[in-house]
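*Asks:* when you get a sec, could you give me coordinates for this:
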Amino acid sequence: MKMLLLCILALLSALFAQQNNTSLISTGPIQLTQTMPKQVLLNKIAVSEILVTAQDNACDIVITCILSDSSTYSQSDPQASLDGKTLTWKIDQMVQGENKLLKVFYHPIKEGTITFCTKVTSVPMCCVSSFAGKAILSITKQGPEFVHLGNEVVYQVNVKNVGTAMAEDVSVVDEFPKALAHANYKNKVGYLLGNLAPGIEKNVNFVFKAVQREKIRNMVVAKANNADAVRAFADTNVVLEEISVNIQCPPVAYLGKKIQSTVLVKNAGDTKLTDIMVIAHVPREWRNVSLDFAAKIEESSIVWELGSLLPGAEKAYDLSFICKELGNHCLVVHASSKSKSLEAKASCCTLWKGMPAFLLEVQDTIDPLLINQTTEYIIEVTNQGSAEDTNIKIVAKFPSQISPVSASGPTSHRIDGKFVVFSPYPSLKPKEKILFKIQAKAYEEGDGRVSVFLYSDLLKEPVPEEESTHVY
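*Replies:* Okay, the predicted model is just below:
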């Protein structure tokens, strides 16, 4: 250290040697370097500088400068005490390497050489020190402003010792709210960071899953054994982005009859949805009768380009269909928001049934009849509808002029006076027909009318038919 100071002083002396006269003394721990201009003008103010350098620790330092009789004293900086032609500076202490510059301002009053002489006394001083520091923690926390319900949430936390002493046993704990869930902990999760030297920082990530729609403030706390706790917060809005679609149609319908279906699309989330498209996939057995004017037909699909929906908003579309085939057929609807990568699906099924329609025909083979003459009544039942019917029953009622004597058909029968009752035929499918025959005999003159009634499981009222036979 002393060598370095000497080198610096030597360099300074070399730089100013051409303009100044320089004198240097070293006594004990203090070195003095005094300079004066080589030439000054009478009655013009001039300055002499004294550089005090502590080569080691020193105290009770006294610098005394004796002025020349060929000059008058003007001032000093710092201010010295003046006693006649003697200036004195007193310095309590200086530490090794410390410098102080003293200046003396004077006026030359006589031609010739002007000489200032300076001496120094000091007491060597032994110094020992220790540094008193304080550990101070700082913490920052960063996280997303928005996160989708069900997605991962990551918070980046930075803990730093901004103090001047070692922070001991540093820990950081995230006290997360109920809207967040951690894989291993219920409401707190933390890290042990160990000791942090001044200026040292550590980064940790806290990873959660968003489980509840809510605006949350998530707090993290950093502590040390020898430092005050510090806190940081991150505000996150857990939002739902969801599109929903529903389709309604009747559970049962009949062939050839029009049904109405309603498609309902809704923004069930918390943010605006854009680029919404709705596609209804229509079964091949169905034929569209009417639809919303904004729809487009693409092969077997109906497409609506909805655009956007604000949170909670919904849009309904009405459709009408008829079906040409029996069976359970389903209408499937997809709704999507392309910009949000959201999709929803719904379906409804309709059981399409047919309806039986009976043609009942009755015809006599001989008409008119003579008394005691016999004729045969042929009863033909045809299912002209689109569905089968069950328990087809025929009942014939004869007038007073004519009485049944025998009968035949696909089921058994009984004759009860003027009535012929056939047992129910189990099932009659579409386009099928069955025949019943009744033989009857004429007993008195008149216009006799035979009434035949058709019953079935689906018929609420019997189907009647009459055949007129004249007896003479």
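*Asks:* stretch 237-248: which residues count as buried?
*Replies:* Neighbour-count burial for stretch 237-248, counted by 16 or more other C-beta atoms under 10 Å, picks out 237-239, 241-247. Bear in mind the C-beta positions are built from the backbone N, C-alpha and C, glycine included.
*Asks:* average pLDDT for it?
*Replies:* The average pLDDT within stretch 237-248 is 93.
*Asks:* how distant is it from the center of its chain?
*Replies:* Centroid displacement of stretch 237-248 relative to its chain, using C-alpha atoms, centre = their mean, to the nearest Å, is 13 Å.
*Asks:* stretch 385-399 now?
*Replies:* 66 Å.
*Asks:* how about the residue nearest the centre of the chain: what's its closest non-neighbour residue?
*Replies:* The chain has H148 as the residue nearest its centroid, 1.4 Å off, counting by C-alpha atoms, centre = their mean. In this structure, H148 finds its nearest non-sequential neighbour in E241, 5.5 Å apart by C-beta to C-beta, 6 or more residues apart in numbering.
*Asks:* hmm, back to that, using JSON lines, lay out the buried residues of stretch 237-248 together with distance to L359.
*Replies:* Output for the buried residues of stretch 237-248, formatted as JSON lines (distance: C-beta to C-beta, whole Å):
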{"residue": "N237", "distance to L359": "71"}
{"residue": "V238", "distance to L359": "68"}
{"residue": "V239", "distance to L359": "65"}
{"residue": "E241", "distance to L359": "60"}
{"residue": "E242", "distance to L359": "56"}
{"residue": "I243", "distance to L359": "53"}
{"residue": "S244", "distance to L359": "50"}
{"residue": "V245", "distance to L359": "46"}
{"residue": "N246", "distance to L359": "43"}
{"residue": "I247", "distance to L359": "39"}
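*Asks:* which of the residues you listed fall within strands?
*Replies:* 237-239, 243-247 (DSSP state E).
*Asks:* what sits against P410?
*Replies:* By C-beta atoms under 8 Å, 6 or more residues apart in numbering, the contact set of P410 is 425, 434-436.
*Asks:* and what of M355?
*Replies:* Counted by C-beta under 8 Å, 6+ apart, M355 has contacts 254-255, 385-387, 458.
*Asks:* bridged to A253, which residues?
*Replies:* W352 (DSSP bridges).
*Asks:* picking up where we left off before, so how far is E98 from the residue nearest to the centre of the chain?
*Replies:* 65 Å (C-beta to C-beta, to the nearest Å).
*Asks:* also V153?
*Replies:* For V153, the distance to E98 - C-beta to C-beta - is 57 Å.
*Asks:* so for those two, which sits in the more crowded spot?
*Replies:* Taking neighbours as other C-beta atoms under 10 Å, V153 and E98 compare with V153 leading, 23 against 13.
*Asks:* how about the residue nearest to A46 when sequence neighbours are not counted, secondary structure?
*Replies:* Closest residue to A46 apart from its sequence neighbours, by C-beta to C-beta, 6+ apart: V40 at 4.2 Å. Here V40 is recorded as coil under DSSP: H, G, I helix; E, B strand; the rest coil.
*Asks:* what's the pLDDT at V40?
*Replies:* For V40, pLDDT reads 94.
*Asks:* can you count the residues close to G163?
*Replies:* Quick note: G163 (other C-beta under 10 Å) scores 20 neighbours.
*Asks:* with the one 3 residues further on instead?
*Replies:* For M166, the number of neighbouring residues by other C-beta under 10 Å comes to 17.
*Asks:* if I look at it, how far off is A280?
*Replies:* 70 Å.
*Asks:* and for T86?
*Replies:* 113 Å.
*Asks:* now swap in F206 and tell me
*Replies:* In terms of C-beta to C-beta, F206 sits 45 Å off from A280.
*Asks:* I371 too?
*Replies:* 71 Å.
*Asks:* got a list of what the nearest residue in space to K215 that is not next to it in sequence touches?
*Replies:* Leaving aside its sequence neighbours, K215 sits nearest to N237 (C-beta to C-beta, 6+ apart; 4.9 Å). Taking C-beta under 8 Å, 6+ apart, we find N237 in contact with 145-147, 214-216.
*Asks:* take the residues you listed and keep only those in strands.
*Replies:* Using DSSP E, these in strands are 146-147, 214-216.
*Asks:* please name the nearest non-neighbouring residue to V172.
*Replies:* Per C-beta to C-beta, 6+ apart, closest to V172 is A222, 4.6 Å.
*Asks:* which ones are touching that neighbour?
*Replies:* Taking C-beta under 8 Å, 6+ apart, one finds 137, 139, 159, 170-172, 229-232 in contact with A222.
*Asks:* how far does the host helix or strand of it sit from the chain's center?
*Replies:* For A222, the host element (DSSP states H and E) is strand 214-224. Remark: strand 214-224 is offset 20 Å from the chain centroid, using C-alpha atoms, centre = their mean.
*Asks:* that one: partners in the sheet, and parallel or antiparallel?
*Replies:* strand 167-175 (antiparallel), strand 227-239 (antiparallel).
*Asks:* any chance of those strands in CSV, plus distance to A295?
*Replies:* Shown next, in CSV, are the strands paired with strand 214-224 (distance: least, C-beta to C-beta, whole Å):
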stretch, distance to A295
strand 167-175, 51
strand 227-239, 31
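*Asks:* and these, which is most packed in?
*Replies:* Ranked by mean neighbour count, the strands paired with strand 214-224 are led by strand 167-175 with a mean of 19 (mean count of other C-beta atoms under 10 Å).
*Asks:* send the alpha carbons of that strand over as PDB?
*Replies:* Only the C-alpha atoms of strand 167-175 are listed here, as PDB (Å, rounded to 0.1, in the frame of the first residue of the first chain):
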ATOM      1  CA  ALA A 167     -29.900 -13.900   5.700                       C
ATOM      2  CA  GLU A 168     -30.100 -17.200   7.600                       C
ATOM      3  CA  ASP A 169     -32.500 -20.100   7.000                       C
ATOM      4  CA  VAL A 170     -34.600 -18.400   4.400                       C
ATOM      5  CA  SER A 171     -38.000 -19.900   3.500                       C
ATOM      6  CA  VAL A 172     -40.800 -18.900   1.200                       C
ATOM      7  CA  VAL A 173     -44.400 -20.100   1.600                       C
ATOM      8  CA  ASP A 174     -47.400 -19.600  -0.800                       C
ATOM      9  CA  GLU A 175     -50.700 -19.400   1.100                       C
END
